[in-house]
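Undergrad: Generate a structure from the sequence data that follows.
(one chain, ligands or ions: 1)
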Amino acid sequence: MARSPDNFVEGNTISEIESGRRNFILGGLAALGSAAISTGCGSSNNGTADIPPATLVQPPVLRSSNGELSTAFDINYISGNMTTPVGIRSVRLRTWDGYIGGPTLRVKPGDRLSVTITNNLPPNTDSIPPDVNTPHHFNSINLHTHGLHVSPGQDYVLLDIMPGESYTYVYDIPADHPAGTFWYHAHKHGSTAMHLFSGMAGLLIVEGEVDNDPEVAAATDLDFVIQEINLGGLGDEPPIKSLYEVPDYITPSPFARADSFFLVNGVYQPRLTIAPGRTVRLRVLNASSRNTMPISVPGAQLNLISLDGITLANTKPVDTVRLAPANRADIILRLDTPGQFEINKASFQNGGGSPTPEATLAYIDVVGTEQNMSLPTALTTPAQLPPIQAGEVTETRTLTYAVANDGSGPMIGGMAAANFTIDGVRFDPTVINQIINLNSVIEWTLFNTSDAWHSHHIHINPFQVVAISTGEIQGFPLTEPVWLDTVDIPPQGSVTLRQRFPDFAGLFVLHCHILTHEDIGMMQLVNVV
Ligand SMILES: [Cu+2]
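TA: Numbers count the residues shown, from 1 in each chain. Now for the predicted structure:
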C-alpha cells in the first residue's frame, strides 16, 4: 500500500475503554485525524497473516490557543487486543484517557496549561505501608510535567489523587520558557513504576525558537515515544493465560526483564515510510520504567538538535544516542538510500545480571522520489540558558547513590529488598534533604558507589553536565558542557553538573529515574527558599 511521507496511518490494536463511557479508542483516534486499522475484537489468530503492518501512529494532539490549553484526563483501565513480540494478546492496562501512551500536549511560552485528572481506577486494596518505600497504592495517581520550568507549587508531585477523586493542575509556563520536547507521567511515590509499565506517558511540547530555524521547520515533525510494557508471563500461550496485565509490584524483584517489550506511540514495531533525502524530526522519548536505551539507525547518522528539550548550539551527528529513562533526543534523520532501515535499541549492561536484550523499535521504509533536503547546522538556543561558568557557582554539594544488598531495604511482599539510598537514606516525606537558597548556583558532584547505573533527575530546573568519570555522555564524548534534566551516573563513577535556581521557590524532589529504584526509596525532598 502506497503511503505519502506525511500520511501516518493509525495501527493501534487496543479497542475498548473499561469505563462508564465505553468509548472506542480506535474511533477516538480516527476522529482526531488518523485512519484506523482494527485488529481487535474480530481477530483471534496469534499470527500476523491478517494483520496489516502497523504504521507509526502519531498520538492525538491537544494544542493551546489564545494562550490557554485546558484539558481533562480520565484515568482508567482499558482492555483489548495488542500485538506483542509473541503474537496478539488480550491485555488490560491503566491509561491516560484510554490511550496507550497519552495525547501529545502542545503549548507555547507564556501559556496557561490546565489538566483535570479524574481517577476512575478501582479502589486501592492495600493500606499505606509503615514505610512509604514499600510499593503501594497502584491505583493512586498524580501528574508531573517532566523537564518543565514551572513553579513547584504547580508541578506538585507530593499529591495522592485517590480512586474516585479529581484534581486540576494549572501550570503557568514562563514567557521565556525554552522550546523543546518535554513530557508528562504520573509521579505518585510507590506506584510510578507500575504506571510506566503500562506505558502511561505522553509528550508535552513547548513550541517556539528552534522550530523556526528553516531546516528544522522543513523537517516532518514526528513524536516517537518509547513505552516499556511489562505483562507478567507474556510467553504463556493462551488459553493458559487469557488476560495479560502488569503484575503488581509486590516482590523485591517483581518483573523479569524478559517480560518487557517496547511500543512506539502505543504500537509494537511500527513502520515509517519516508522519501529518500527527506528530513524528519523524531522527538524521541525513553518513557520506560528502567531501561537505558542506546538508540541507533544502522547505516545512518543521528543528527541531534536537542537533548532533554534543550536545543544544542549546533547539530551534532552521532552513530548512537544513549537515552536513560526520561531522556529525550530530538533527532533529524535523513536517509538518502532507498531500502529498509531499523530504529534499534542496543543491548545494555545496566549492572548485575545479564544485559538487556537488543530490540527493534521501529522500521523505516525509504521509498519514492529523492527530495535532497538540508540538515540544520547552527541552531537557535534558548537565550535564558547561557552556559554556567565556574565563576558563577555559589556553592558545591555532593550526592551519593548507593545500593546495599544486606537485607536493610524496605519490606516488599514480606521480604526485605535491597536498600537503594541517596546519601545513605531512603525517601522520607517528613525530611527535607536539600534546602537551597533562591538564586543559588550549585555545582553538584554525583557519586555512584554501586555496580549498576542510576539516573539522576531533579525537577523544575535543568542542569549543565560539565564532567563525567567515563568521559562520555549519552553515548558520545563529553567535549563541551551539555544541558540535561536527567543524567546517567556510571557504576562506580561520578558526574559533575552545575545548576541555577533563579526563580521558583518551593518543595520538589530529586531522584533516580529508574522507577523501580525511586519507588523503593531513591529520592530526596528539595526545598528552595
Ligand atoms: Cu537507580
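Undergrad: So the residue located most distally from the centre of the chain versus the ion, what's the distance?
TA: Most distant from the centre of the chain: Thr369, at 34.4 Å, with distances by Cα atoms, centre = their mean. As judged by Cβ to the ion, to the nearest Å, Thr369 and the ion stand 48 Å apart. Backbone N, C-alpha and C define where each C-beta goes, glycine included.
Undergrad: Dihedrals phi and psi, that residue?
TA: Backbone torsions for Thr369, taken as degrees, to the nearest 10, come to phi -90, psi 130.
Undergrad: ok, it - contacts?
TA: Contacts for Thr369 (Cβ atoms under 8 Å, 6 or more residues apart in numbering) come out as 275-276.
Undergrad: can you check Ala287 too?
TA: 101, 183, 185, 196, 199, 201, 225-228, 325-326.
Undergrad: Sort out for me which of the residues you listed are in helices.
TA: Those of the contacts of Ala287 mapping onto helices are Leu196, per DSSP state H.
Undergrad: The ion next: which of the contacts of Ala287 are close?
TA: When Cβ under 5 Å from the ion is applied, no member of the contacts of Ala287 is adjacent to the ion.
Undergrad: quick one: which of the contacts of Ala287 is nearest to the ion?
TA: Distances from the ion to the contacts of Ala287, taken as Cβ to the ion, are shortest for Pro325 (9.3 Å).
Undergrad: which residues of the stretch 51-200 of the chain fall in helices?
TA: Using DSSP state H, counting those that start in this stretch, the helices found in the stretch 51-200 of the chain span residues 192-197.
Undergrad: Asn433 - nearest residue in space that isn't next to it in sequence?
TA: Computed as Cβ to Cβ, 6 or more residues apart in numbering, the closest residue to Asn433 that is not its neighbour in sequence is Gln524, at 3.8 Å.
Undergrad: Give the burial count for the one you found, as a bare number.
TA: Using other Cβ atoms under 10 Å as the criterion, Gln524 is surrounded by 22 other residues.
Undergrad: ok, now Asp319?
TA: 13.
Undergrad: circling back: pLDDT for the contacts of Ala287 - can I get that in a markdown table?
TA: Putting these into a markdown table (pLDDT from 0 to 100) gives the following:
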| residue | pLDDT |
| --- | --- |
| Gly101 | 91 |
| Trp183 | 98 |
| His185 | 97 |
| Leu196 | 96 |
| Gly199 | 95 |
| Ala201 | 96 |
| Val225 | 98 |
| Ile226 | 97 |
| Gln227 | 96 |
| Glu228 | 94 |
| Pro325 | 97 |
| Ala326 | 98 |
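Undergrad: Around the ion, which positions in the protein sit nearby?
TA: 454, 512, 514, 517.
Undergrad: In helices, which of these fall?
TA: Applying DSSP H to these, the entries found in helices are His517.
Undergrad: Quick check: of the residues of the chain next to the ion, which has the highest neighbour count?
TA: Among the residues of the chain next to the ion, the one with the most neighbours (other Cβ under 10 Å) is His454, at 30 neighbours.
Undergrad: Closest one to Asp406 out of the residues of the chain next to the ion, please.
TA: Ranked by distance to Asp406 (Cβ to Cβ), these are led by His517 at 16.4 Å.
Undergrad: next one: stretch 216-232 to chain centre, how far?
TA: 10 Å (Cα atoms, centre = their mean, to the nearest Å).
Undergrad: in it, what counts as buried?
TA: By 16 or more other Cβ atoms under 10 Å, the buried positions in stretch 216-232 come out as 216, 219-220, 222-232.
Undergrad: distance of Met194 from the ion?
TA: 17 Å.
Undergrad: For the closest residue to the ion within the stretch 251-400 of the chain, list the residues it contacts.
TA: Closest to the ion within the stretch 251-400 of the chain is Arg290: 8.4 Å, counting by Cβ to the ion. The contact partners of Arg290, taken as Cβ under 8 Å, 6+ apart, are 193, 228, 325, 350, 514-517.
Undergrad: Would you format the residues of the chain next to the ion as CSV with distance to Leu282 and pLDDT included?
TA: Shown next, in CSV, are those (distance: Cβ to Cβ, whole Å; pLDDT from 0 to 100):
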residue, distance to Leu282, pLDDT
His454, 27, 96
Cys512, 26, 98
Ile514, 24, 95
His517, 28, 95
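Undergrad: with the residues of the chain next to the ion in mind, which one is nearest to Ile473?
TA: When the residues of the chain next to the ion are ranked by distance to Ile473 (Cβ to Cβ), His454 comes first, at 14.7 Å.
Undergrad: Wait, Gln464 touches Val495, no?
TA: No: using Cβ atoms under 8 Å, Gln464 is not in contact with Val495; the gap is 11.2 Å.
Undergrad: Show me which of those two is the more surrounded one.
TA: Each of Gln464 and Val495 has its neighbours counted (other Cβ under 10 Å); Val495 has more, 26 against 20.
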